[in-house]
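Chemist: Sequence and predicted structure are below.
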Amino acid sequence: MGTIPRRVQMTVLLLLLALSGCVQAGPKTRAPIAPETLTLNTNKRWLVSDPGAIIADLPPPSAELGATPEKPADPAMLAAWERPVSAWMQHTLTSIATDQLVAPQAARTLMLMSVTLNDSLQIAAATRNQGIAVNDDAVLAESAQRVLTGLFPLRATIYRQEAEIARWVGVWHGTADSTAVLNGQVIGAAVAEQVLAYAAKDGADTPLEYVPAPSGATGRWHPTPPDYMPPQNPAWMHVQTIAVGDPAELRVPPPPAWDSPAMDEQLRSFKTAQSDLSAEDLITAAQWAGEAGTVTPPGIWMQIAMAQVEAQHTSSHEAAAIFALLGVALHDAAITCWESKYHYNFIRPVHVIQASDPDWLPSLKTPPHPSYPSGHATFSAAAAGVLRAVFPEAAAELEQWADDAARSRVLGGIHWPIDGSAGLAQGYAVATQVLRVAGE
């Protein structure tokens, strides 16, 4: 993709600044760049299994949608859809923040939406290859509206209103007719049906009763102050992965034994970091926090990808392929990380520190799930791992941001150093597997 221009770097920094803070340097604890090289596969479909059946159900060539609505008088209403793939991803990010999804849920949502857009465009291209007119704007509008409505039903009116404009952009620009729009709507509806059917049975709603360890259990996680919330997403390990298969195969190694010298060193390192926090350290911790009510860490990485794509003037098909690659990596990273978290059930620092200092609290609120490994680290390495394959000249920046995200959780007082290093290794392993599957 070539060298990332300075304006791209600045755009990404501005996106991160919007989440409070500036990018800070972090430790060089990344895994080596995987030996695989990626030629972006813009023909990769992730969830739609039978494009031929969808094409066979298209209406006859003589069918038309009806009268074309009037072009909006406000140019801004059309300008918003000049890059429809990014526009629909932005609606997804807004919905994630508005509905206050937590990180694993956000990662799943980003995967479902990015794959919807990618697979819709794959079917549209296959349709045109058969000499049948189909408009990409209409395909994207119909599939995105339906999937977003399925995921966020309370926002259905917003999505419908946006789709009523987005589907006609090609016609207003003179590059499509109503027949192409009709075919696009039929294809989009069929893709959305398959994606939502997949989501309905992917295991995200799997119930699992989880009984945390008693508060006195040595080295074991239990609800943390100040709210002592129940465990979050303990059954996420049962959500179906897209590329990595059994998440246990990428499980991180066991953490140090609680009474071992290695764990003593973790405690010393943590206390040293907490005793010497600078203003910049606190900014770094806040910048990457990504709590519910924001786009969350997976969303931060999707924003980074969107900024890269925007500055490169990437085509819709390439943009959708990149976002789907990233969405799958984030999704599988969540499942893999949460499998490791609840396998080891490792204690959070706050309980250890409060044993000798009852009034101590970290600068960030401790999330209600086990400490090892760090979700931020796993998400970030998975994202950096796939994005550096698409934007190789940005590899150093992407890896640095992954390091920063991992380090931020130690600075924020909610993770042990080993949580970050293990999460980074796990995330890069996820990225390698996603890239392998993407190339098949």
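Modeler: Done, it's in.

Chemist: Which neighbouring elements make contact with the helix or strand hosting Y159?
Modeler: Per DSSP states H and E, Y159 falls inside helix 156-166. In terms of contacts (3 or more Cβ pairs under 8 Å, 6 or more residues apart in numbering; DSSP states H and E), helix 156-166 is packed against helix 84-98, helix 136-151. Where you see a C-beta, it was placed from the backbone N, CA and C, and this is true even at glycine.

Chemist: just those helices: most buried one?
Modeler: helix 136-151 (a mean of 26; mean count of other Cβ atoms under 10 Å).

Chemist: Mean confidence (pLDDT) on whatever helix or strand comes next after the helix holding Y159, please.
Modeler: Under the assignment DSSP H and E, the closest C-terminal helix or strand after helix 156-166 is helix 169-172. Helix 169-172 carries an average pLDDT of 94.

Chemist: orientation of the helix or strand following helix 169-172 relative to helix 156-166 in degrees?
Modeler: Beyond helix 169-172 on the C-terminal side, the first helix or strand identified by DSSP H and E is helix 178-200. For helix 178-200 against helix 156-166, the angle by axes from the mean of the first three to the mean of the last three Cα atoms, to 10 degrees is 150 degrees.

Chemist: Would you mind extracting the C-alpha trace of helix 178-200 into CSV?
Modeler: The C-alpha coordinates for helix 178-200 follow below in CSV (Å, rounded to 0.1, in the frame of the first residue of the first chain):
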residue,chain,number,x,y,z
SER,A,178,-33.5,1.6,-10.8
THR,A,179,-33.1,-2.0,-12.0
ALA,A,180,-29.5,-2.0,-10.6
VAL,A,181,-30.8,-0.6,-7.4
LEU,A,182,-33.5,-3.3,-7.2
ASN,A,183,-31.0,-6.1,-7.8
GLY,A,184,-28.8,-4.5,-5.1
GLN,A,185,-31.6,-4.5,-2.6
VAL,A,186,-32.3,-8.2,-3.3
ILE,A,187,-28.7,-9.1,-2.9
GLY,A,188,-28.3,-7.0,0.2
ALA,A,189,-31.3,-8.5,1.9
ALA,A,190,-30.1,-12.1,1.2
VAL,A,191,-26.6,-11.4,2.6
ALA,A,192,-28.1,-9.8,5.7
GLU,A,193,-30.3,-12.8,6.2
GLN,A,194,-27.3,-15.1,6.2
VAL,A,195,-25.3,-12.9,8.5
LEU,A,196,-28.1,-12.6,11.0
ALA,A,197,-28.8,-16.3,10.9
TYR,A,198,-25.1,-16.9,11.7
ALA,A,199,-25.2,-14.4,14.5
ALA,A,200,-28.3,-16.0,16.0
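
Chemist: in it, what counts as buried?
Modeler: 178-196, 198-199 (16 or more other Cβ atoms under 10 Å).

Chemist: helices and strands around that helix, which ones?
Modeler: Checking 3+ Cβ pairs under 8 Å, 6+ apart, helix 178-200 ends up next to helix 51-56, helix 103-129, helix 136-151, helix 169-172.

Chemist: Mind doing that once more with 6 Å?
Modeler: Packing partners of helix 178-200 (3 or more Cβ pairs under 6 Å, 6 or more residues apart in numbering; DSSP states H and E): helix 103-129, helix 136-151.

Chemist: Is it correct that S114 is in contact with F323?
Modeler: Yes - judged on Cβ atoms under 6 Å, S114 makes contact with F323 at a distance of 4.0 Å.

Chemist: The two: which is more packed in?
Modeler: Neighbours were counted for S114 and for F323 using other Cβ atoms under 10 Å; S114 has more, 29 against 26.

Chemist: how about low-confidence regions in the chain?
Modeler: 1-39, 62-64, 211-217 (pLDDT under 70).

Chemist: Which parts of it belong to which domain?
Modeler: Taking automatic domain parsing as the reference, the chain has its domains at 6-25+241-438, 82-200.

Chemist: Output those in JSON lines, with distance to S49 appended to each entry.
Modeler: JSON lines is the format used below for these (distance: least, Cβ to Cβ, whole Å):
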{"stretch": "domain 6-25+241-438", "distance to S49": "13"}
{"stretch": "domain 82-200", "distance to S49": "7"}
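
Chemist: what residues are up against the residue nearest to W221 when sequence neighbours are not counted?
Modeler: Distances taken as Cβ to Cβ, 6 or more residues apart in numbering place P370 nearest to W221, at 4.0 Å, with adjacent residues excluded. Listed by Cβ atoms under 6 Å, 6 or more residues apart in numbering, the contact partners of P370 are W221, K341, N345, F346.

Chemist: try it again with 8 Å
Modeler: Each residue near P370 by Cβ atoms under 8 Å, 6 or more residues apart in numbering is listed here: W221, P231, K341, Y342, Y344, N345, F346, I347, R348.

Chemist: Tell me if I'm right that S340 and G375 touch.
Modeler: No - between S340 and G375 there is no contact under Cβ atoms under 8 Å: 9.9 Å.

Chemist: and these two? which has more neighbours close in?
Modeler: A side-by-side neighbour count of S340 and G375, using other Cβ under 10 Å, places G375 first with 30 against 26.

Chemist: Give me the distance between the more buried one and L325.
Modeler: Using Cβ to Cβ, to the nearest Å, we find G375 at a distance of 20 Å from L325.

Chemist: Repeat that for G170.
Modeler: Distance of G170 to L325, computed by Cβ to Cβ: 26 Å.
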